[in-house]
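Colleague: this one's sequence-less:
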């Protein structure tokens, strides 16, 4: 059987469909059984926390890229008014401007309508504690719903966090003090590092509430978080936060599938939330249209999308967050780690 230019053979397509079908039986594909609708927005359960969160989340980094602060505020408030309740952010995004803008957007009663998450870079207790307090100040709140360790991208990051005097101590103390409700971690470099973080947590009798990682139609082909980490999270009932559904725009350069198809692929996985960046009202509307039009896909539909991305996904060609350092903010500013 000849292979169509830019595509895969029928035999390869059938193999992808079969693999997707097996994944579905394992509970790592074909959407979520716990999805419920609230108006036009599907909501899902955030793992063992039992919290209900919108299937679409608003990424904090891109809020700092909007041309005007007022547009960032409009993006957040429009999203909330449309039923989106999950807000992502980080202590280091745009030198703190992303948190400052979100803090202003969540005034006037909006804070009570959202599940607010942010992240810190500190690896030791002192640095982490300072960043936690600074994030709360910028976000204009005395408590965030979820705080995550950011950029777990080095093999020694887990050991530093769990070591005596490590960042976990600051997180747990802040949790006991009512400054944060749940603790998670995020990273984009290697699924092996994520697995190491989970293993060390188990060794220390600690259970993360959430894990954030790239989940998209490119990841499935190379060093895959979907294949290696996602089943572990599902089995442990940890909330799954999917990020980089379009690789920060890099995937669109491949001319394979559409932005909405990328979002639908990630939504079809057992993600609690798919976080996407919106730096304009137009991009927000695109994301809202995607979540409004989402329907769980069958294995053949999933395989069809993977067949389109497979020819260009080898070696992480478009997944620069895995293969290069341009997305590694803490590599550019190691002092943030402490």
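Modeller: Received it, and whenever you're ready, just let me know what you need. Owing to the predicted nature of the structure, the values given are computational and were not obtained by experimental measurement.
Colleague: the bottom helix or strand of this structure by mean pLDDT?
Modeller: Every helix and strand of the chain was ranked by mean pLDDT, DSSP states H and E. The lowest is helix 10-25, at a mean of 45.
Colleague: Now residue 204. Nearest residue, chain neighbours left out?
Modeller: residue 162 (5.5 Å; CB to CB, 6 or more residues apart in numbering). Bear in mind the C-beta positions are built from the backbone N, C-alpha and C, glycine included.
Colleague: no wait, residue 101
Modeller: Per CB to CB, 6+ apart, closest to residue 101 is residue 72, 4.2 Å.
Colleague: Helix or strand: which one has that neighbour?
Modeller: Residue 72 belongs to helix 69-81 when assigned by DSSP states H and E.
Colleague: hmm, who's touching that helix?
Modeller: Under the contact criterion CB atoms under 8 Å, 6 or more residues apart in numbering, helix 69-81 has outside partners 58, 63-64, 66, 87, 101-102, 104-106, 110, 113-114, 278-281, 284, 288.
Colleague: Provide the secondary structure category for residue 141.
Modeller: Using DSSP: H, G, I helix; E, B strand; the rest coil, the structure places residue 141 in coil.
Colleague: List the residues that contact it.
Modeller: Residue 141 is in contact with 103, 106, 111, 116, counting by CB under 8 Å, 6+ apart.
Colleague: which residues pair with residue 36 across the strands?
Modeller: The partner list for residue 36 in beta bridges (DSSP bridges) reads residue 43.
Colleague: Give me the distance between it and residue 256.
Modeller: From residue 36 across to residue 256, the span is 32 Å (CB to CB, to the nearest Å).
Colleague: Same question for residue 78.
Modeller: 30 Å.
Colleague: same thing with residue 272?
Modeller: According to CB to CB, residue 272 stands 26 Å off from residue 256.
Colleague: which of the two has more neighbours?
Modeller: residue 272 (26 against 21; other CB atoms under 10 Å).
Colleague: Identify the residues contacting the more buried one.
Modeller: For residue 272, the contact set (CB under 8 Å, 6+ apart) comprises 44, 45, 46, 47, 53, 55, 210, 239, 240, 241.
Colleague: of those, buried ones?
Modeller: The neighbour-count criterion (16 or more other CB atoms under 10 Å) marks 44, 45, 46, 47, 53, 55, 210, 239, 240, 241 among these as buried.
Colleague: Can you list which of the residues you listed are found in strands?
Modeller: Counted as lying in strands by DSSP state E, out of those, are 44, 45, 53, 210, 239, 240, 241.
Colleague: excluding its backbone neighbours, what's nearest the last one?
Modeller: Which is residue 241. For residue 241, the spatially nearest residue (CB to CB, 6+ apart) is residue 212, at 3.8 Å.
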